[in-house]
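Colleague: here's my sequence, what's the structure:
(chains A and B, ligands or ions: 2)
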Amino acid sequence: MASLMSSLNAPSAAEYAGDEVSAIVLDPGYSTVRAGFAGEDVPKSVVPTYYGGLEPPGGATQVLYGENAIHNPIPHLHIKNPMSQDGIVEDWDAAWKLWEYSLTSRLLGAKPTPAIRNGLNDPVDGDVMDVDMEELDDLEKPLVDNPLLMTEPAWNPVKWREKSLEAAMEEWGTPGFYLQRSGVLAAFSAGKPTALVIDIGASQLSVSPVVDGMILKKSVRKSPLAGNWISQQIRLMFAQSQPPVPLTPHYMVTSKVPVDAGAPSNATYKKYEIPPTDSFRRLEEERVLTEFKESVVTTWYHEFGRLSTSSQGMTNEERAKAAPGARPFEMPDGWNQIFQVERFKVIEGMFDHEGAYTDAENRAPKLEHTIPNLIIASLNSVDVDTRPALLANVVLVGGSTLITHLHERVKRELEAAYPNVRVRLHAPGNPVERKFASWIGGSILASLGTFHQMWISRKEYEEHGAGLVEKRCK
Amino acid sequence: MASRKDVQDIMGLSGAAPANPPPTLKKPKTATGKRTAGIAREVLALHGDRPPPVAVIDVNKTYKGRPSRAYKLSNRWRMTPFTNQARTDGLVLKHWAKIPASKVLEDSENITMEDVSETKIEEQPRYEWAKCNVQVEIPQYTDEEYETYLRSDDWSREETDYLLQAIKEYHQRWPVIYDRYDFKPSALVGSGSDDMTLVPTSPRKERSIEDMKARYYNIQAKAMAIKTPITNMNPAEFALYENLTKYNPVSEASRKKLANNLMSRSLDEAKEEEFLLNELQRIAVYNHKFETERAEIRARLEAPSSTGTAMQFQSSQALHQLFTQLFHADRSRKRGSRLSVQAGMDAGMPTPATVGQTPVTAGSHRDSIGGTSQKKSGVPGSATSQTAQTPVRTISPRSETRFGITTHDRLTSGVTFRTDRVLKLRQAKSAAQTQKIATALAELKVPDIIVLPTTTVCESLERLVGQVSKLLDVRKVREKEEGELAVARARAGINTDNTQAEKSSTEKKAEVEDIAKGTDAEADANSDGDAHGDEDDDGDVDGDGDAGADVDEEDEAEEDEADGDAEDEKPLKDEMDGDVARARSSSNLASGPLPENSAVNTARGGHKRSASVLSATSTKSSKRTRK
Ligand SMILES: Nc1ncnc2c1ncn2[C@@H]1O[C@H](COP(=O)(O)OP(=O)(O)OP(=O)(O)O)[C@@H](O)[C@H]1O
Ligand SMILES: [Mg+2]
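Modeller: Ligands and ions are numbered 1, 2, ... in the order given. Okay, here's the model as predicted:
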């Protein structure tokens, strides 16, 4: 009885082969950067990847990081994102600074100033101390005590991989470094060494087959149909509604009065002398859209097939109109409406490229970019013998998979595509585990005793250079 | 605190409570040995002498024990640096490690962290997880070995090395190796210019998993053979060697292709396959059932028939044979010996002499007064009447009937009434069959109670019932066959020639009608006979004979047809013909013993199944007769 697991006594090391060396796991994404200590179950530090550049005309520019800083409607605040729409780094320096912020802001306490610098021990003879200065510099680097495990998308270019190793060693002074593909880590977070990982994040939707903890690079398939694309679909839906749905972010509203559904809003708007920038507005709109995604958007997963098809003398769209669970949505300015078919249609394009909202600028997605086609394409490039194992271990992760019933739909599509194979879908019920799957996998990996032989050590880096990352982190 | 006594007091039961509870009641408590803990004694007492309604769990301690605190130095945890033997670079990481209490005491003279780290690393035990660092062994070979044994036209030395390296690196995980395999000949890459002369510049090839596996297994097998000659290998090694050499990339590739096809089947195809498999199973089960049924029937056919005609047993030789045959069959079946050896010796083996000595008289008749009758003469009357060489008093069949002389194969002891027999005749094995026979008889206007059941009437009725049941059997078989036919036709679907099937079915219908007519006629004749009693016996026989002759001709033609149709050529048609032949011949059967026999024989030639069915019916009827 006494040996029962509890939060008070840690499991013995032999039970989970764990050995924590206070490693840090950093999982940068397009929408958020996740960082925390290996061995913990959630990242302690989650920082938006969007950062603010305060660029007053004629004044000194200033960079603002973190949730608390970037949502203030102050003039000349430009919201930027260091990542590209491909989910990889675009602006390296900005990204690195942001990641450093994510580590230092919450995880690593302020370091005591070395005795030599605190002004009490002023050197009598400068020459003697010169040699020590460099070592002291090293000690001041943020990660001197912590090995660093970073995640990366499977399509991360070599230059960024090498740069990560280099910067982690040079700028952060980490004793050990490792880069792991987020797909592999997501599989680990589900406790599976072999899995077909479907990750729907903000910028990219990716399908990665993982076999025995190794990603099959040639079989990874990705498409841009992810969170940002869904947001765009919602915008299109708003614009194409009759009358168009006004998208007003919170910062513009001072007060509002309840109005009837569909009626024009009756609110007092804030006046700004210098209105916030467009990029700021877009970020704030994105927040409203995420709220909309969370509360309204639903995936159509009816047994009669896709939304565009019809069966038994009734189109599925008619069925969708009658489907229960229609949710009202109220904009920050009080405008409200019930969304019935629209809530299904904004997401349908992910599965059925013809079901997407389009306009002149936003073309319909390509057929091969839809989830079912990505999965099929990925599986077809895998050896036949491994396919059943992959299909029996489909892992669904990423923030955008939290859309209601999305996993049911994915399952249905998979079963339709592979009627003879047992398909088992693993989609954690806990939203945290889905959003932070690759971080959690990294946390597991970096706290394993057997993993510590994998780190690229400082010594090795100094010996072989940044090119080592290609050899070691496969 | 109310005890049981108090409660009883309150309830006014005080008088009932004995001062000393009976010792028997105490037993359960003492049997358990200890007082049930965890419950106040008073509460327990409320249960009275009966055991508590719910299981009372024995808990050793009522209260949580006092935490046993060891008042000694606790273990300390300290951030300790360590090295990992699985690494070659001596990376020092730090983790929390337990410092034994003794050590803590020793170290309590406060040594600074740095000092500890310096000294501790040296005396570190082996890192716990270093043991998991297992590497794959790949075959090693020298240049010379490569040139002599491992050379391949398809694989350059460089690529072979690359492959082996990849296998080692990815721990023989073929999907991963295949995924990462990216061999660039150095000549093409341009690096290592001195290799140019050694390595033939081969264009980059797409290697399939099978290619790689074949190459690797080949190398491994050869390396094994080089290391230990095949003759010196132990069984395990040899088995591995066998496996390695047996690898066939071509068949493996085709297997994968098949697997791929299997996976990419559509739902419909999968469903269809499942359906077909089910169907196949159903058919197999059905066939099995059918076979066992037929086997049963055939087994019955092989049993020597005791009815049949007596014609073949005209000579005593034949009779003797028949008896020994019966006797052996009987003995081999090992039932209660119906024919005892003694009986066989005494009565069953009539030598010509005995036949001569035993005059067949009216005494053999059951009803006769003669007490000396031989119960088991086994000599049919006709045999005696027509055996010219036996110097016995012959009685013409006519006078035999006139005098009411009958002969019996076997007689049961005791007295029976013919009315009983007549009643018994109407009883079939199953109620349904009985019912059917009753309706048939009613249709033929055979009265329920036959007023005067003379021998002839009885016989006629027996024959009639036999025929009716035969016909019923035939009908049953026909229905079954028709069902089969319908199934077969449905299965054959478009392939089958519809017109033919239709034609044959109409044909069949006509046949069946014919048969029905024929039987009607016979039945009429029979019932006539019945109605008229013994006087009109002749007419009955005549009628029978006519019917038999009538159908016979047709039958012959039919049989020819059946013969002509090869069994395997047109199974459908054949089946039909068989049916028809069967129906026909059974209608013949009805008409008398002689045609029946011939029908049996000819049908057997034409179609085995019909023959067996026929014989089944005949044996059944014979059984009934025997009863
Ligand atoms: N409950 C929710 N319902 C629907 N969508 C959500 C929900 N929560 C978050 N999202 C969406 O998920 C996306 C963020 O997911 P995630 O954190 O996995 O992305 P990321 O890892 O930062 O991006 P990427 O993987 O593309 O680099 C955002 O687009 C957000 O709008
Ligand atoms: Mg992600």
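Colleague: point out where the stretch 451-600 of chain B drops to low pLDDT.
Modeller: B:494-600 (pLDDT under 70).
Colleague: what residue in it comes nearest to ligand 1?
Modeller: residue B:493 (53.4 Å; Cβ to the nearest ligand atom). For the C-beta atoms, the positions are set from N, CA and C on the backbone; glycine is no exception.
Colleague: how far away is that residue from chain A?
Modeller: Relative to chain A, residue B:493 is positioned 26 Å away (Cβ to the nearest Cβ, to the nearest Å).
Colleague: cool, and residue B:491?
Modeller: Separation of residue B:491 from chain A (Cβ to the nearest Cβ): 26 Å.
Colleague: what residues of the helix or strand harbouring that residue count as buried?
Modeller: For residue B:491, the element it lies in under DSSP states H and E is helix B:455-492. Buried positions in helix B:455-492, judged by neighbour count with 16 or more other Cβ atoms under 10 Å in any protein chain shown: B:456-475, B:477-478, B:481-482, B:485, B:489.
Colleague: other SSEs contacting that helix?
Modeller: Where contact means 3 or more Cβ pairs under 8 Å, 6 or more residues apart in numbering or on different chains; DSSP states H and E, helix B:455-492 is packed against helix B:418-426, helix B:431-443, helix B:498-532, helix B:571-591, helix B:608-626.
Colleague: what helices and strands are in contact with the helix or strand containing residue B:295?
Modeller: Using DSSP H and E, the element containing residue B:295 is helix B:267-302. Under the contact definition 3+ Cβ pairs under 8 Å, 6+ apart, helix B:267-302 sits against helix B:608-626.
Colleague: now the helix it packs on: average pLDDT?
Modeller: Across helix B:608-626, the average pLDDT comes to 41.
Colleague: who touches the residue of the stretch 351-474 of chain A found nearest ligand 1 in this structure?
Modeller: For the stretch 351-474 of chain A and ligand 1, the shortest gap (Cβ to the nearest ligand atom) falls at residue A:399, measuring 2.3 Å. Residue A:399 sits next to A:31, A:200-202, A:227, A:434-435 when contact means Cβ atoms under 8 Å, 6 or more residues apart in numbering or on different chains.
Colleague: residues in contact with the longest helix along chain A?
Modeller: Counting residues, the longest helix found in chain A (DSSP state H) is helix A:278-295. Contacts with helix A:278-295, where a contact means Cβ under 8 Å, 6+ apart, come from A:50, A:52, A:70-71, A:73, A:77-80, A:227, A:230-231, A:234-235, A:247-251, A:327, A:329, A:331-332, A:400, A:402-403.
Colleague: quick check, residue A:47 in a strand?
Modeller: Yes: the assignment for residue A:47 (DSSP: H, G, I helix; E, B strand; the rest coil) places it in a strand.
Colleague: how near is the closest residue in space to it that isn't next to it in sequence to residue A:96?
Modeller: Nearest residue to residue A:47 in three dimensions, chain neighbours excluded: residue A:102, at 4.2 Å (Cβ to Cβ, 6 or more residues apart in numbering or on different chains). Distance, residue A:102 to residue A:96, using Cβ to Cβ, to the nearest Å: 11 Å.
Colleague: who has more neighbours, those two?
Modeller: More neighbours surround residue A:102 than the other of residue A:102 and residue A:96, with 27 against 19 (other Cβ atoms under 10 Å in any protein chain shown).
Colleague: I'd like to know how many residues surround the residue of the stretch 451-600 of chain B closest to ligand 1.
Modeller: Residue B:493: 8 neighbours (other Cβ under 10 Å).
Colleague: any idea how far the closest residue to chain B within the stretch 351-474 of chain A lies from residue B:439?
Modeller: The minimum distance from the stretch 351-474 of chain A to chain B, using Cβ to the nearest Cβ, falls at residue A:449 (3.3 Å). Distance of residue A:449 to residue B:439, computed by Cβ to Cβ: 89 Å.
Colleague: quick one: which of the two has more around it?
Modeller: Remark: of residue A:449 and residue B:439, residue A:449 carries more neighbours, 23 against 11, as counted by other Cβ under 10 Å.
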